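Participant: Mind looking at a prediction? Sequence and model below.
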Amino acid sequence: MPHTVLEIDLNALSHNYDYLKSKLNPGVKMLAVVKAYGYGSESVAIAKKLEEKGIDYFAVAYTSEGITLREGGIKTPILVLHPQIENFEKIIEHCLEPSIYSFRVLNAFIATAEEKNITDYPVHIKFNTGLNRLGFKDVNEKDILELIKATGAIKIKSLFSHLVASEDMNEKTFTLHQIETFTKNSENIINGLGYTPILHQSNTSAIINYPQAQFNMVRTGIGLYGYGNIQEEDLKLKPVATLKTVISQIHEISIGETVGYNRAHTAAKKERTATLPLGHADGISRAYGKGRGYVMINGKKAPIIGNVCMDMIMVNVTKIDCQEGDEVIVFGKGASAVALSARIKSIPYELITAISQRVERRVIE
């Protein structure tokens, strides 16, 4: 392998899908979150595999991400979680479905749809039940219904909300209150609507911890990519993305010599270092430098020494039998992204989504 590459294992994705699907009650639909390039992997390849598996819905953060999926041949319905008003015409053009999270957005989308003489365009109403990020909060649902019923241009496809801490059982009381609030919001809409839209509130952790909150669809993001937010669940899932690189050069460092910018590492004894072709421009934060992060070489941890450079990192291989050209694993199979990100008090979400687009994606199945 001549360079740095992010391997995307579709067999692992299939395994994770099957495992999460097995947790669902009969008839419950599954929505796959494929925003941020498929959590840093390759969104179109991920979406195509999930279409083969029979996924019911996709969700992306932004309109452009949904357009990328459509241009890649994806036919499954796509929910845009954070649409902007100026993109509504593009949303309609590419058959994407907007999250409606405020009266400003609701009125604007109705106006756009009416202008185009559209009937029953699918929209998704989002309620804020405690995350305080997006969504209708403390509103009279009759006001939403009044606007919906006054136009034939749109139709509610789903009602949804977002849990705050479903992975943290110390926050169970808060989570149960969120579920109760969303249930009441939904009932108020359904009673005035005359039909029942799809209801969804559960994320990956809620699929595992709150089976009573499955309603008739769940959303899963991080779980599909191999992380369950609980160590026990991580063991049952398989990481989809594995970041690999190679040793470019090995140096013998004498006592007192320094390594890297700002002489951030000084050898206290004779050391052997390896230089790798990836750096903070590839998504490996400077926070991993100075011994906080590590990579795996021939099954052993090689600490990152000195400062992470833009295109290179140096690691200590004094006690590792290795040579130039050997494979290095940063995270993925054989190297936990959970453990690595914890070294800088971060989470695997941040690590895996940070890998830059200049790193080659290699899809394997």
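Facilitator: Nice, I can see it. Computed from a prediction, not measured in an experiment: that's the story for all the values here.

Participant: For the stretch 1-150 of the chain, which segments count as strands?
Facilitator: 5-9, 29-33, 57-60, 78-80, 97-100, 121-126 (DSSP state E, counting those that start in this stretch).

Participant: can you check the stretch 151-300 of the chain too?
Facilitator: Here the stretch 151-300 of the chain has its strands, by DSSP E, counting those that start in this stretch, at 154-160, 198-200, 217-220, 241-246, 249-253, 258-259, 265-266, 271-276, 294-297, 300-305.

Participant: if you average pLDDT over the longest one, what comes out?
Facilitator: Spelled out, it's strand 154-160. The pLDDT scores in strand 154-160 average 98.

Participant: could I have that strand exported to PDB, CA atoms only?
Facilitator: Extracted as PDB, the C-alpha positions of strand 154-160 are listed here (Å, rounded to 0.1, in the frame of the first residue of the first chain):
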ATOM      1  CA  ILE A 154     -47.600  20.100   1.600                       C
ATOM      2  CA  LYS A 155     -48.400  17.000   3.600                       C
ATOM      3  CA  ILE A 156     -46.800  15.900   6.800                       C
ATOM      4  CA  LYS A 157     -44.700  12.800   6.200                       C
ATOM      5  CA  SER A 158     -43.300  12.500   9.700                       C
ATOM      6  CA  LEU A 159     -43.200  14.000  13.100                       C
ATOM      7  CA  PHE A 160     -39.900  13.700  15.000                       C
END
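
Participant: Could you measure from the residue nearest to K49 when sequence neighbours are not counted over to G332?
Facilitator: The spatially closest residue to K49, leaving aside those adjacent along the chain, is L10, at 4.7 Å (CB to CB, 6 or more residues apart in numbering). (Each C-beta comes from the backbone N, C-alpha and C, glycine too.) In this view, L10 and G332 are 14 Å apart by CB to CB, to the nearest Å.

Participant: So if I had to pick from the two, which one is more boxed in?
Facilitator: Between L10 and G332, counted using other CB atoms under 10 Å, the more crowded position is G332 (23 against 20).

Participant: who's in contact with that one?
Facilitator: Applying CB atoms under 8 Å, 6 or more residues apart in numbering to G332 gives the contacts E7, P239, A241, T242, L243, K244.

Participant: Excluding covalently adjacent residues, which one is nearest to the fourth one?
Facilitator: When you say that, I think you mean T242. Using CB to CB, 6+ apart, the closest residue to T242 is G332 (2.6 Å).

Participant: before we move on, what about the second one?
Facilitator: Closest residue to P239 in three dimensions, ignoring its sequence neighbours and counting by CB to CB, 6+ apart: G226, at 3.7 Å.

Participant: do the fifth one as well
Facilitator: Leaving aside its chain neighbours, L243 sits nearest to V330 (4.1 Å; criterion: CB to CB, 6+ apart).

Participant: The one you found against L278, yeah?
Facilitator: Yes. V330 lies in contact with L278 (CB atoms under 8 Å); the separation is 7.4 Å.

Participant: Noted, bye for now.
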